[in-house]
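Novice: My questions are about this predicted structure, shown below with the sequence.
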Amino acid sequence: MTIDQLLNKLDDAQTDEEILEIGRQILEIDPQSPYGKLAVWETMEYDECVENLDMLSEALDKIRAVIDAKDTPPIIEDDRDAQVYCTIMMNLGYSLLAEGKTEESLEVAREFVNFDDEGYFPSRTLMYRCMIDLAMYNDILSSLEADPLESVVGEYARALSLLETGAEAGEVRDALNYAISLCPDVPFFILNIWEMPDSEDDIDEDMEDTISYATYLAEPWCATDERLAALSAPTFLFGFLTNRLEDEKDIKLLKEGYEAAEVLTDVEEAKVRIEEMEEEGRDPEEVDAFALGETATIVEKLLDRAE
């Protein structure tokens, strides 16, 4: 059987046993095949994967050469080599990050983002998380200005970087509000208002991206009291307005706090309007957008009165 035939067979493989066997057959024909190395590596247990990151690095060198030899830049969705190139970078970059090798991970991530210009893979999640961990706040802001593609993790990285570089409170607030607007459920997982699923099997398909973003944002955003406070204010208010909060104790404390800050009337009026929009059958995204606008206005009042 030729390598092309084995690759077609690999595309249809369902189990780790099948993938491993096909990967081994490919490597018997071509010991340097990036396809074979990736297939074998992906069937390993975690500890063995970590011990064999060199296998992925070697595969990356080989598949990069294949990509570079093409006459025209490949379209990821239509090109098997491009997909394997991205998959290898994804596995290598995230594994290096998990092992605390953040600078090495960032090197892979930059290459990953440069190639993945349409955001077909989670390349930007990896790059901006690496940059946050390395406290590259000014570089994050510069990268975002140069990046033609918007990303949820990138916008949260922008807000965090503005906070860490001493930007005005209003600028941080606006950046956070915009980040939340891109995927409104994310901050509730970041702050553990909603519990993360126990396993991948418990994640609904339509929540996969949300959980992934929150997974890589939770640690940095919960790392300091200042970051927690900055994210908590809009999240809890937005959650209250849109009935995303379920804990009655939290709701009671929030209302007491809003009353003490003399904004409870504003909050309750906004909540009534949001409930009316829902009863009118407005699109949920429109309702969330309105709620976030009200959240920004009320949080601004809270900040002004706290000064």
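Specialist: Received, thanks. Numbering: from 1, shown residues only.
Novice: In terms of helices and strands, where is Glu118?
Specialist: For Glu118, there is no host helix or strand (DSSP states H and E).
Novice: what's the neighbour count on it?
Specialist: Close neighbours of Glu118, defined as other CB atoms under 10 Å, add up to 11. (Glycine included, C-beta is placed from N, CA and C.)
Novice: so who does it touch?
Specialist: Neighbour list for Glu118: Ile76, Leu149 [criterion: CB atoms under 8 Å, 6 or more residues apart in numbering].
Novice: Low-confidence stretches in the stretch 51-200 of the chain?
Specialist: Residues of the stretch 51-200 of the chain meeting the criterion pLDDT under 70: none.
Novice: so where do the helices sit in it?
Specialist: Remark: helices assigned in the stretch 51-200 of the chain by DSSP state H, counting those that start in this stretch are 53-68, 80-98, 102-115, 123-133, 137-146, 152-164, 169-182, 186-190.
Novice: of all these, which lies closest to Glu28?
Specialist: Minimum separation from Glu28 across the helices of the stretch 51-200 of the chain (CB to CB) falls at helix 53-68, 15.7 Å.
Novice: orientation of the closest one relative to helix 102-115 in degrees?
Specialist: Helix 53-68 and helix 102-115 are oriented at 20 degrees to each other (axes from the mean of the first three to the mean of the last three CA atoms, to 10 degrees).
Novice: What residues sit buried inside helix 53-68?
Specialist: Leu53, Met55, Leu56, Ala59, Leu60, Lys62, Ile63, Arg64, Ile67 (16 or more other CB atoms under 10 Å).
Novice: helices or strands up against it?
Specialist: Under the contact criterion of 3 or more CB pairs under 8 Å, 6 or more residues apart in numbering; DSSP states H and E, helix 53-68 touches helix 34-42, helix 80-98.
Novice: tell me the most buried of those?
Specialist: Neighbour counts (mean count of other CB atoms under 10 Å) averaged over each of the helices and strands packed on helix 53-68 peak at helix 34-42, with a mean of 23.
Novice: pLDDT (mean, whole number) over that helix?
Specialist: The pLDDT scores in helix 34-42 average 94.
Novice: Mind giving me the packing neighbours of it?
Specialist: helix 3-12, helix 16-29, helix 53-68, helix 80-98.
Novice: Show residues contacting it.
Specialist: Taking CB under 8 Å, 6+ apart as the rule, helix 34-42 contacts 3, 7, 10, 19-20, 22-27, 30, 49, 52, 55-56, 58-60, 62-63, 66, 84, 87-88, 91.
Novice: need the helices and strands packed on helix 53-68 in JSON lines with distance to Asp139, can you?
Specialist: Formatted as JSON lines, the helices and strands packed on helix 53-68 follow (distance: least, CB to CB, whole Å):
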{"stretch": "helix 34-42", "distance to Asp139": "30"}
{"stretch": "helix 80-98", "distance to Asp139": "17"}
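Novice: so which of those helices comes closest to Ser199?
Specialist: Of all the helices and strands packed on helix 53-68, it is helix 80-98 that lies closest to Ser199, at 17.4 Å by CB to CB.
Novice: Just give me how far that closest one sits from the chain centre.
Specialist: In terms of CA atoms, centre = their mean, to the nearest Å, the gap separating the centre of helix 80-98 from the centre of its chain is 16 Å.
Novice: What of stretch 45-61?
Specialist: Relative to the centre of its chain, stretch 45-61 is centred 23 Å away, using CA atoms, centre = their mean.
Novice: Name the residues that touch that stretch?
Specialist: Contact with stretch 45-61 is made by 32, 34, 37-38, 40-41, 44, 85, 88-89, 91-92, 95-96, 99, 108, as judged by CB under 8 Å, 6+ apart.
Novice: Quick check: the farthest pair among those residues?
Specialist: Gln32 and Glu99, at 24.6 Å, using CB to CB across these.
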